[in-house]
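Enquirer: Predicted model and sequence below, questions to follow.
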Amino acid sequence: MNHEDSIAPPRIARGTAGARRGSAMLLAVISVVILAALAGAVLKLSVASQLEVKSSRSSVRALYNCEAGVSHALGSVANGLTDPVGTLAAPTPFGGGGYSFTITDNGDDTFDLLAVGVFDGERRAIEVVARSAQDGPFANALFAGNEDGDPNYDLTFGGLGVQADDINGGVYSGGNIDVNGDADVAGPMIAAGTIQGGAGEEGEKQAIPDIAGMDYANTCDVDVLQEFIDNSEWKSDSFGGSAYQVPESNPAHIFRVNPSDRGTENASTAKHDFFLEDPYESVKADSSEDGSNASQVTLTGGGEPGPDGNGLVYFVDGNLWLHNKNVYSFMVSQKDSSSGVQVTFVVRGNIYFSDNLFYDDSKQDALAFIAVEDPAVADSGNIYLGDPTFGTVKEMNAFLYAENNFYDNNLDAAGSKKVTINGTMSAGNQVQIERDFLSHHSKLTVNFDQRVWDGTIVLPGLPDASGADRSVDVLSWREVPPPPVP
């Protein structure tokens, strides 16, 4: 073969392999840079995502803590407390974080609550408007606590036609409730036992006020018995017979003690008998029994001699009677009172109502009568309705509470076929009003006066609210921006 005809090996250009190696390295570097940038971006996104998740979780936990604060605040309102808990700078520890809240009492049974929850730097806030409602005697038209726990106790309403019982308001029985005949209860019924003749809540209990905890003997404004021990004289008066009386300037002058014309009544009880009647006012019979000509029982002050007798708790260690042989009706008043009369009578003994009691101003006047037990006297802490002879009581305007029982006193007589109570009728134990007599039924009407319950009026010395259950209604609930930490 000719040398010249042989195939020559391909000629490789100088530097081509190095160029390729350089390009590959450059691509590799670029790829690494891009991958590093992507990795950094992914890492940054991952960290941001983790931080976002963490923040979201912390925010949710802060909301949970805030809701715990709201629950705590509502519990405080239910127990009559308005003190703040924790602060924005130093929240109360809870759930790995904490909460704080403030409560503003609006003065109308509504409260503004602001709770702030904290967790790991996150803060959430909730604003609540709540209303406090007290269950128990002054939240019901008729209340029978059945404190003795009698399993057979029935709170009974009955009657036919115009003589049927008519209860306008809530009813509670610590035993059973029995509505029969044409009786009507225009309000919620709640019973610890069963309810017959109507719908309501069964198996529910309401608390009985802590009367002993009120310590009326030491916390009252006027110790009536002591005033008579120190200042009384035996005098005759147009209200009937002779009795112990105190000067007109003494707040206790609105009572007469052991009048001689009511010796039968005095002899029937174990303690002194105080009659609510004012010897410094004229006798008015009010024969129409509508309050238009009621005998006045006028408090001291307000244009009358003596200190202001309004807005006080009068404590009677004995028995209290609204019972006069010459009078059908009484009215407690103060001459120049522009804000009404609000007085509470507490009686360590029994209360006997056989005459009518009216308000001068039904919007502003309010009277409470509370019968408390005397440990030394078996028959005490009761309220008796009706005249022992004639059964003349027809209308009572007052808030009535018997630590023990309510009893009728001849309510089956012809003069007491209808009894109306405008206020509340409550007993720590039982309401035992037997109103059936032969072929007729004495009608009981109770018209619930909600002014104590809703706070429209404030009567002095009513049983401590902590002795009764409170419910709290949430009127509004919303999340708001948390306030800045000072």
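Expert: Sure thing, it's come through.
Enquirer: hang on, Pro460 packs against Gly309?
Expert: No: at 11.7 Å, Pro460 and Gly309 do not qualify as touching, with contact defined as C-beta atoms under 8 Å. For glycine as for every other residue, the C-beta is placed from the backbone atoms N, C-alpha and C.
Enquirer: Those two: which is more packed in?
Expert: Gly309 (25 against 16; other C-beta atoms under 10 Å).
Enquirer: ok, now how distant is the more buried one from Met189?
Expert: The gap separating Gly309 from Met189 is 39 Å, by C-beta to C-beta, to the nearest Å.
Enquirer: Next: Thr424.
Expert: Distance from Thr424 to Met189, by C-beta to C-beta: 16 Å.
Enquirer: next one: Ile351
Expert: Noted for Ile351: a distance of 26 Å to Met189, by C-beta to C-beta.
Enquirer: Kindly report the same for Phe119.
Expert: 46 Å.
Enquirer: hmm, which helix or strand of the chain has the shakiest average pLDDT?
Expert: In the chain, the helix or strand scored least confidently by mean pLDDT, DSSP states H and E is strand 436-437, which has a mean of 68.
Enquirer: which residues are common contacts for Pro460 and Gly309?
Expert: Taking C-beta atoms under 8 Å, 6 or more residues apart in numbering as the criterion, Pro460 and Gly309 both touch Val343.
Enquirer: now the helices: where do they sit in the stretch 151-300 of the chain?
Expert: Assigned helices in the stretch 151-300 of the chain, in chain order: 216-219, 224-231, 263-267 (criterion: DSSP state H, counting those that start in this stretch).
Enquirer: Alpha carbons of the shortest one, in CSV - could you do that?
Expert: Read that as helix 216-219. This file holds the C-alpha atoms of helix 216-219, laid out as CSV (Å, rounded to 0.1, in the frame of the first residue of the first chain):
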residue,chain,number,x,y,z
TYR,A,216,-79.7,40.4,111.5
ALA,A,217,-79.6,40.8,115.3
ASN,A,218,-76.2,42.5,114.9
THR,A,219,-76.4,44.0,111.4
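Enquirer: For it, the averaged confidence score.
Expert: Per-residue pLDDT over helix 216-219 has a mean of 96.
Enquirer: Just give me how far that helix sits from the chain centre.
Expert: 22 Å (C-alpha atoms, centre = their mean, to the nearest Å).
Enquirer: pretty sure Thr348 is touching Ala376, no?
Expert: Careful, residue 348 is Arg and not Thr. No: under the criterion of C-beta under 8 Å, Arg348 makes no contact with Ala376, lying 9.7 Å away.
Enquirer: Can you give me the domain assignment for the chain?
Expert: Following automatic domain parsing, one finds the domains of the chain at 50-134, 137-470.
Enquirer: wait, what's in contact with Pro482?
Expert: Val116, Arg123, Arg124, Ala125.
Enquirer: Am I right that it is in a strand?
Expert: No: under DSSP: H, G, I helix; E, B strand; the rest coil, Pro482 sits outside any strand and is assigned coil.
Enquirer: For it, report the pLDDT, please.
Expert: On the pLDDT scale, Pro482 gets 95.
Enquirer: In terms of neighbours, single out the busier of Arg348 and Ala376.
Expert: For Arg348 and Ala376, the more surrounded residue by other C-beta under 10 Å is Arg348, and the numbers stand at 25 against 9.
Enquirer: The nearest residue to Glu233 once chain neighbours are set aside - how many residues pack around it?
Expert: Leaving aside its sequence neighbours, Glu233 sits nearest to Gln245 (C-beta to C-beta, 6 or more residues apart in numbering; 6.3 Å). By the measure other C-beta under 10 Å, the count of residues near Gln245 is 25.
Enquirer: quick one: which of the contacts of Pro482 is nearest Asn231?
Expert: Val116 (58.5 Å; C-beta to C-beta).
Enquirer: hey, where'd the strands end up in the stretch 51-200 of the chain?
Expert: With DSSP state E, counting those that start in this stretch as the criterion, the stretch 51-200 of the chain has strands at 92-94, 97-105, 110-119, 122-134, 142-144, 154-157, 166-168, 171-173, 176-179, 184-185, 189-191, 195-196.
Enquirer: Pairing partners for the last one, with directions?
Expert: Looking at strand 195-196 with DSSP bridges, its paired strands and their directions are strand 176-179 (parallel).
Enquirer: Show me the contact partners of the strand it pairs with.
Expert: Residues contacting strand 176-179 (C-beta under 8 Å, 6+ apart): 153-158, 171, 185, 189, 191, 193-198, 200.
Enquirer: mean confidence score for that strand?
Expert: On average, the pLDDT along strand 176-179 is 96.
Enquirer: hey, C-alpha coordinates of it in PDB?
Expert: C-alpha atoms of strand 176-179 as PDB (Å, rounded to 0.1, in the frame of the first residue of the first chain):
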ATOM      1  CA  ASN A 176     -93.400  18.300  93.700                       C
ATOM      2  CA  ILE A 177     -95.800  20.700  91.900                       C
ATOM      3  CA  ASP A 178     -99.500  19.800  91.300                       C
ATOM      4  CA  VAL A 179    -101.600  22.000  89.100                       C
END
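Enquirer: How far does it sit from its chain's centre?
Expert: On the basis of C-alpha atoms, centre = their mean, strand 176-179 is displaced by 24 Å from the centre of the chain it belongs to.
Enquirer: do the same with stretch 87-100
Expert: Centroid displacement of stretch 87-100 relative to its chain, using C-alpha atoms, centre = their mean, is 31 Å.
Enquirer: Kindly report the same for stretch 98-109.
Expert: Stretch 98-109 has its C-alpha centroid displaced from the chain centroid by 17 Å (C-alpha atoms, centre = their mean).
Enquirer: Tell me the buried residues in that stretch?
Expert: Using 16 or more other C-beta atoms under 10 Å as the burial criterion, the residues of stretch 98-109 that qualify are Gly98, Tyr99, Ser100, Phe101, Thr102, Ile103, Asp109.
Enquirer: Can you list the neighbours in contact with it?
Expert: Here stretch 98-109 makes contact (C-beta under 8 Å, 6+ apart) with 65-66, 68-70, 72-73, 76-77, 81-88, 90-92, 111-118, 131-133, 454-455.
Enquirer: List only buried entries from these.
Expert: The neighbour count (16+ other C-beta under 10 Å) marks 65-66, 68-70, 72-73, 76-77, 85-86, 88, 91-92, 111, 113-118, 131-132 as buried among the contacts of stretch 98-109.
Enquirer: OK, contacts around Gly69?
Expert: Val85, Gly86, Thr92, Phe94, Tyr99, Ser100, Phe101, Ala115, Val116, Gly117, Ile126.
Enquirer: of all these, which two lie farthest apart?
Expert: Maximum pairwise distance among the contacts of Gly69 (C-beta to C-beta): 15.3 Å, between Thr92 and Ile126.
Enquirer: Setting the sequence-adjacent residues aside, check what's closest to Ser242.
Expert: Ser236 (4.3 Å).
Enquirer: Quick check: the gap between that neighbour and Gly318.
Expert: 21 Å.
Enquirer: So for these two, which sits in the more crowded spot?
Expert: Gly318 (22 against 14).
Enquirer: Would you mind measuring from the closest residue to the more buried one other than its chain neighbours to Ile34?
Expert: Of all residues not flanking Gly318 in the chain, His272 sits nearest, at 3.9 Å (C-beta to C-beta, 6+ apart). Distance of His272 to Ile34, given as C-beta to C-beta: 106 Å.
Enquirer: Who has more neighbours out of the two?
Expert: A count of neighbours by other C-beta under 10 Å puts His272 above the other of His272 and Ile34, at 17 against 10.
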